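Trainee: Got a sequence here, can you build the structure:
(one chain, ligands or ions: 1)
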Amino acid sequence: MENVFKLSRRLFVKSAFALATLVAAEMMKPVPARAACIPTPRETAGPFYPLKLPLDKDNDLTFVNRPSQKALGEVILIQGRVRDESCQPVAGASVEIWQACTTGKYNHPGDNNSAALDPHFQYWGKATTNAKGEYGFKTVKPGSYPVHWFWTRPPHIHFTVRSRSHLPLTTQMYFFGDPLNAKDRLFRKHSPTEQAQCTVLFRTVDHLPVGQFDLTLRKT
Ligand SMILES: [Fe+2]
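Mentor: Numbering: from 1, shown residues only. Predicted coordinates for the structure are as follows:
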């Protein structure tokens, strides 16, 4: 009987020791890092931010005032979330976009590209994020355009995001799979990770290409 007691006691001590070791090992593990969002890489606004904003200032750039007169080109939808570095949604942020029309022409007097302007394209638009930090735009895919004879800019859309408690962010969104991306001087300045952050893959949903472009702001 005594032997059985001794054995049980030994097993108990052993088990307790093993448990204590396990607990200690768990406690030594690093605390999981708080989910983090990497700030979106910045780019300059470029030379073609509109000097004059259109009368139509909404988030549908596919027509100007008259829905029956549509802009030329492939209609696309862009949706996304604006977040801070802790991945918390930023509500009430203003998201501005400006871009070339389908021919690659900006509505700006400084644009010397001989391509035609599209009178029915809005060229600039604005959205405000909802409580979940979400925004959306309906626009057309911009054309590429020449900067010099040896440099053609790939299709891209300029973004500026502003929020009260964050630093303003100006960046550019690129289209996944465009062969001009890899040759573009501005795009190539970014690391592969940054390039991936600014490149959007469009998927067809209800007959329309839809792309998700999430933006991360830095706190002031
Ligand atoms: Fe541009």
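
Trainee: where's L53 relative to Q122, distance?
Mentor: Computed with CB to CB, to the nearest Å, the distance linking L53 and Q122 is 10 Å. Bear in mind the C-beta positions are built from the backbone N, C-alpha and C, glycine included.

Trainee: Same drill for the two, tell me which one is more crowded.
Mentor: Using other CB atoms under 10 Å, the more surrounded residue of L53 and Q122 is Q122, with 28 against 15.

Trainee: give me the number of residues near the residue nearest to that one when sequence neighbours are not counted?
Mentor: Leaving out its chain neighbours, the residue that sits closest to Q122 by CB to CB, 6 or more residues apart in numbering is L61, at 3.8 Å. Using other CB under 10 Å, L61 has 26 other residues around it.

Trainee: L61 reaches H120, doesn't it?
Mentor: No - L61 sits out of contact with H120 when judged by CB atoms under 8 Å, with a separation of 10.0 Å.

Trainee: any common contacting residues for these two?
Mentor: Common contacts of L61 and H120 (CB atoms under 8 Å, 6 or more residues apart in numbering): A71.

Trainee: With adjacent residues omitted, what lies nearest to D60?
Mentor: K138 (4.5 Å).

Trainee: Can you tell me the element that neighbour falls in?
Mentor: According to DSSP states H and E, K138 maps onto strand 134-140.

Trainee: elements contacting that strand?
Mentor: Packing contacts for strand 134-140, counted by 3 or more CB pairs under 8 Å, 6 or more residues apart in numbering; DSSP states H and E, involve strand 75-83, strand 94-98, strand 124-128.

Trainee: what does it rub up against?
Mentor: Contacts for strand 134-140 (CB under 8 Å, 6+ apart): 59-62, 71-82, 89, 93, 95, 97, 99, 101-102, 121-122, 125, 127-129, 157.

Trainee: again, only using 7 Å
Mentor: Around strand 134-140, the neighbours that count as contacts under CB atoms under 7 Å, 6 or more residues apart in numbering are 59-62, 71, 73-82, 95, 97, 99, 101-102, 121, 125, 127, 129.

Trainee: Could I get the buried residue list for it?
Mentor: Using 16 or more other CB atoms under 10 Å as the test for burial, strand 134-140 gives E134, Y135, F137, K138, T139, V140.

Trainee: Also stretch 166-185?
Mentor: For stretch 166-185, using 16+ other CB under 10 Å, the buried residues are H166, L169, T170, T171, Q172, M173, Y174, F175, D178, L180, N181, D184.

Trainee: Out of these, which comes closest to A196?
Mentor: Nearest to A196, judged by CB to CB, of these is Y174 at 10.0 Å.

Trainee: Correct me if wrong: I97 contacts H158.
Mentor: Yes - between I97 and H158 a contact is recorded at 6.4 Å, counting by CB atoms under 7 Å.

Trainee: hmm, back to that, tell me the two of the buried residues of stretch 166-185 that are most distant?
Mentor: Largest separation among the buried residues of stretch 166-185 by CB to CB: H166 and L180, giving 31.2 Å.

Trainee: Run through the neighbouring helices and strands of the helix or strand containing F159.
Mentor: In the assignment (DSSP H and E), F159 maps to strand 156-162. If contacts are counted by 3 or more CB pairs under 7 Å, 6 or more residues apart in numbering; DSSP states H and E, strand 156-162 sits against strand 94-98, strand 169-175.

Trainee: CA atoms of the longest one as CSV?
Mentor: So that's strand 169-175. C-alpha atoms of strand 169-175 as CSV (Å, rounded to 0.1, in the frame of the first residue of the first chain):
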residue,chain,number,x,y,z
LEU,A,169,-1.7,60.7,-48.0
THR,A,170,-1.1,61.2,-51.7
THR,A,171,-0.5,58.1,-53.7
GLN,A,172,-1.2,56.3,-57.0
MET,A,173,-3.1,53.2,-57.8
TYR,A,174,-1.9,50.8,-60.6
PHE,A,175,-3.5,48.0,-62.5
